[in-house]
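A.B. asks: Attaching a predicted model along with its sequence, questions to come.
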Amino acid sequence: MRVWVVHQPGQIDAGPLQRLEREVPQPSGRQVRVRVTCCGVCRTDLHLAEGDLPPKRADVTPGHEVVGLVDALGEHASRFEIGDRVGVAWLGGTDGSCRFCRRGAENLCTAPTFTGWDRNGGYADFCLVDEAFAYALPAGIDDEHLAPLLCAGIIGYRALICAAVPPGGSLGIYGFGGSAHLTAQVALAQGLRVHVLTRGEANQRLATELGADSVGEAQDPPPEPLDGAILFAPAGELVPPALRALDRGGTLAVAGIWLSDIPMLEYEDTLFQERKLRSVTANTRADGETFLRLAERLGIRATTVAYPMGEAPRALADLKHGRFSGAAVLHN
C-alpha cells in the first residue's frame, strides 16, 4: 500500500513528508482494518510534520480524521462487520485503569495513544484501529464532509463546552479554520451570539456567510464583553487580548495541541475578576459520539477543499499559508 510518512520533520515547504510503499497491515485482537476513502487535514498534522509536535516514532504516518470501510477483522473483533463505514479519530487508545480513566476523564489518561502520532494514521490506503475507539458514522453525511468532523468538529465541541458560555451568552472565536467554522455553527444553533476575530479575508467572509454576529481582526476588541472565548489559532500572542475581552467570570479555552509562547500576563488587566484561562486536552469518546449526533441533527456542514491523497504535502502547505478557508480533505 502507499503511505505518507514524516521522515525528517522540518518546514513544510522543505518536504518533510515522504511517500513509501509498505505491506498492508494485518489486524489482530480487537483491531479492525480500515480501507481509507478520505482523511481530513488537521493543523496537528502540520505541527507533526514541522516538528512542533515531536514524532513519537520514526516514519510515522499522519492523519486522524479518517473515514473508510472496514476491510478486515482481528480475531476478537466483533463490533463491526466487513463493509461498515467507520471513523478513526485522534484518541486511539487509553489504559482504561489510570485515575483519570476510572473517573471518566479518558482524555487525560496517563498512558494514551494517538492516531497519526503514536500509531500510523490515515494518510495511507489502509490503517488499523482498536474497534472500541472507532466511530459508527451518521448515514446522512458524505465521506468528505464527515472527515473534518472527526477531529476539528469533536475538539471544537469540547472547547465550546470548556468555554462555559451560559445560555444566550456571547462567545468569541479567535482564528477561523477547520475547527472554528464547525464550532461556530453549533454555537449559533444553540442560540449564542458569536463574534469571530480572525485574520484573512477568506476566513472573515466564511464567518459572515455562516451568520456570525460580528467579524473583526484577531487583535480587535469585540463589540460586547464575552461570556466565553475559544482560541483556535496557535498564536500565544492572542491570549492577552482574548482575556481582556472576557466579561467578569468568563473563560478562555485554548483548543490547540500546540501554542506559541504566551506573552507576560498582567494580573489586573487579564485575569482579575475571576477570568479563567484553560487548555483543552484531547476529547473523550463520549464527546465524539455526542458531537456526531448533534452534527447530523443540526445540519452542521464542513466547508471543504478536496485534494488527491498523492498531494498531501501541498494540502499541508496550503493550510500553513492560509490558501483556503474551512478544511482540506485527502481522497484515495
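C.D. replies: Perfect, I can see it now.
A.B. asks: CA only for contacts and neighbour counts going forward, please
C.D. replies: Will do.
A.B. asks: Just the CA trace of the strand or helix carrying residue 244, in CSV.
C.D. replies: Take DSSP states H and E as the rule and residue 244 turns out to sit in helix 239-245. Backbone C-alpha positions of helix 239-245 (Å, rounded to 0.1, in the frame of the first residue of the first chain) are rendered in CSV as follows:
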residue,chain,number,x,y,z
VAL,A,239,-4.1,35.2,24.8
PRO,A,240,-3.8,38.6,26.4
PRO,A,241,-6.3,40.4,24.1
ALA,A,242,-8.7,37.4,24.4
LEU,A,243,-8.6,37.5,28.2
ARG,A,244,-9.1,41.3,28.2
ALA,A,245,-12.2,40.8,26.0
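A.B. asks: so how far is the helix of greatest length in the chain from its chain's centroid?
C.D. replies: If each helix of the chain is counted by residues according to DSSP state H, the longest one is helix 285-298. Here helix 285-298 shows a centroid-to-chain-centroid distance of 14 Å under the convention CA atoms, centre = their mean, to the nearest Å.
A.B. asks: buried ones in that helix?
C.D. replies: Judged by neighbour count using 16 or more other CA atoms under 10 Å, the buried positions of helix 285-298 are 285, 287, 288, 289, 291, 292, 295, 296.
A.B. asks: so the last one touches residue 137, yeah?
C.D. replies: What it means is residue 296. No - applying CA atoms under 8 Å as the test, residue 296 and residue 137 come out as separate, 9.7 Å apart.
A.B. asks: quick revisit: show me the contact partners of the longest helix of the chain.
C.D. replies: By CA atoms under 8 Å, 6 or more residues apart in numbering, the list of residues contacting helix 285-298 from outside reads 91, 133, 135, 137-138, 140-141, 149-150, 153-154, 157-158, 186, 189, 300-301.
A.B. asks: And for stretch 300-314?
C.D. replies: By CA under 8 Å, 6+ apart, the residues outside stretch 300-314 that reach it are 4, 12, 15, 17, 123-124, 144-146, 148-149, 178, 181-182, 185-186, 294-295, 315, 324-332.
A.B. asks: ok so residue 148 is a helix residue?
C.D. replies: Yes - going by DSSP: H, G, I helix; E, B strand; the rest coil, the assignment for residue 148 places it inside a helix.
A.B. asks: Now for it, how many residues are close by?
C.D. replies: Using other CA atoms under 10 Å as the criterion, residue 148 is surrounded by 32 other residues.
A.B. asks: Repeat that for residue 78.
C.D. replies: Per other CA under 10 Å, the neighbour tally for residue 78 reads 12.
A.B. asks: Likewise for residue 54?
C.D. replies: Taking other CA under 10 Å as the criterion, the count of residues near residue 54 is 12.
A.B. asks: Could you look up the SS state of it?
C.D. replies: Counting by three-state DSSP, the three-state call for residue 54 is coil.
A.B. asks: Okay, it and residue 303: tell me how far apart.
C.D. replies: Using CA to CA, to the nearest Å, one gets 29 Å for the distance from residue 54 to residue 303.
A.B. asks: got it, and residue 275?
C.D. replies: Distance check for residue 275 against residue 303: by CA to CA, it reads 33 Å.
A.B. asks: Next: residue 309.
C.D. replies: Look at residue 309 and residue 303: by CA to CA, they are 18 Å apart.
A.B. asks: Am I right that residue 188 is in a helix?
C.D. replies: Yes - looking at residue 188 with three-state DSSP, it is inside a helix.
A.B. asks: So which residues of the stretch 151-300 of the chain form helices?
C.D. replies: Assignment of helices within the stretch 151-300 of the chain using DSSP state H, counting those that start in this stretch yields the ranges 152-163, 178-189, 201-209, 239-245, 285-298.
A.B. asks: Looking at those, spot the one closest to residue 128.
C.D. replies: The closest approach between residue 128 and any of those, judged by CA to CA, belongs to helix 285-298 at 17.4 Å.
A.B. asks: Just the buried positions in the helix or strand following that closest one, please.
C.D. replies: Towards the C-terminus, the helix or strand next in line after helix 285-298, according to DSSP H and E, is strand 304-308. Applying a neighbour-count criterion of 16+ other CA under 10 Å, one finds 304, 305, 307 buried in strand 304-308.
A.B. asks: Thank you, goodbye.
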